[in-house]
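Colleague: predicted model and sequence below, questions to follow.
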Amino acid sequence: MNTYLNQISGIDDAIVSMFMSKRSWTREKELHIRQVCRQVLQPNGSLAEYNAELAAEFEEFSNWMSKLVKWGQKHITMLRFVDMSITVEGLHRAGQDDWDAHAKRFNNRIIRSSTRLAQFSYEMSSWYEDKIIPTDLALKELDIHLPDVFEHEGIPYIKSVNGYIREGYENNPDVKRGLYMLSIPSNFIFKIDLTEWSHVYKERNIHGSANPEVKQCCESIADQIEAFHNQFNRDLFMKILN
């Protein structure tokens, strides 16, 4: 399984939001914030390599970020402006179902591999590879051969992945996926804001009761968020009220 933090966006919006409540906002200040963010952030939203010629801009940005995480953990709408795009490759399907339980937190912005539109064989996520052997593969290794066709109550059934399918339905994707195992790998992409991510992290981190591969997925994403911005760290995730 691999996780990829593609982009963090909206940090400039979140910083601007800090100056709204007490009416310290001006259009000039907003434009300055956006200009500084363009100077110190890379296109994917991560912090650019330090440039001594922009020392003042890097310091100003750091101060804004410190204030943002200080106030944002209580005034959580501020952190809703910070959006993250994440791709996950190869999480097992049961783990995908667990992740889907948080679809409301993603504002339903999640698309995954379909078991109807895509075909699967005996593949499985890396976490399962040395832990289980599907019956078909075990029989093959034991040199036990199953028939390609057999009759059940007078009706022919055709050999397929993990079992048999009634003749006439063997190429029907809705029927074929009935034999797929929950260990098959699933790919998906989702977006989530920082406030809602904190909830997902609290529920799925290494100290929780989630499936081990789901916890690995969660912690890998957290590592990458911290690598983008060290102020967006696990301590903050646990403190955000949501």
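Modeller: Noted; the coordinates are in hand. Numbering: from 1, shown residues only.
Colleague: beta partners of the residue lying closest to Arg112 once chain neighbours are set aside?
Modeller: For Arg112, ignoring the flanking residues on the chain, the nearest one in space by Cβ to Cβ, 6 or more residues apart in numbering is Phe188 at 3.5 Å. Heads up, the C-betas are built off the backbone N, CA and C, glycines and all. Bridge pairing for Phe188 (DSSP bridges) gives the partners Val88, Arg112.
Colleague: hmm, His92 and Phe188 touching each other?
Modeller: No - between Phe188 and His92 there is no contact, the gap being 11.9 Å when judged by Cβ atoms under 8 Å.
Colleague: quick one: which of those two has more around it?
Modeller: His92 (24 against 16; other Cβ atoms under 10 Å).
Colleague: tell me the pLDDT of the residue nearest to the more buried one when sequence neighbours are not counted.
Modeller: Leaving out its chain neighbours, the residue that sits closest to His92 by Cβ to Cβ, 6+ apart is Ser125, at 3.7 Å. Note on Ser125: pLDDT of 95.
Colleague: ok, now Lys67?
Modeller: 97.
Colleague: buried sites along stretch 186-195?
Modeller: Ser186, Asn187, Phe188, Phe190, Lys191, Ile192, Asp193, Leu194, Thr195 (16 or more other Cβ atoms under 10 Å).
Colleague: helix or strand: which one has the residue nearest to His92?
Modeller: Following DSSP states H and E, there is no helix or strand that holds Ser125.
Colleague: where along the protein do the strands fall?
Modeller: Secondary structure of the chain (DSSP state E): strands located at 2-9, 83-92, 110-112, 149-152, 155-160, 163-166, 185-193.
Colleague: among those strands, which comes closest to Lys22?
Modeller: Within the strands of the chain, the stretch nearest Lys22 is strand 185-193; the backing value is 23.2 Å (Cβ to Cβ).
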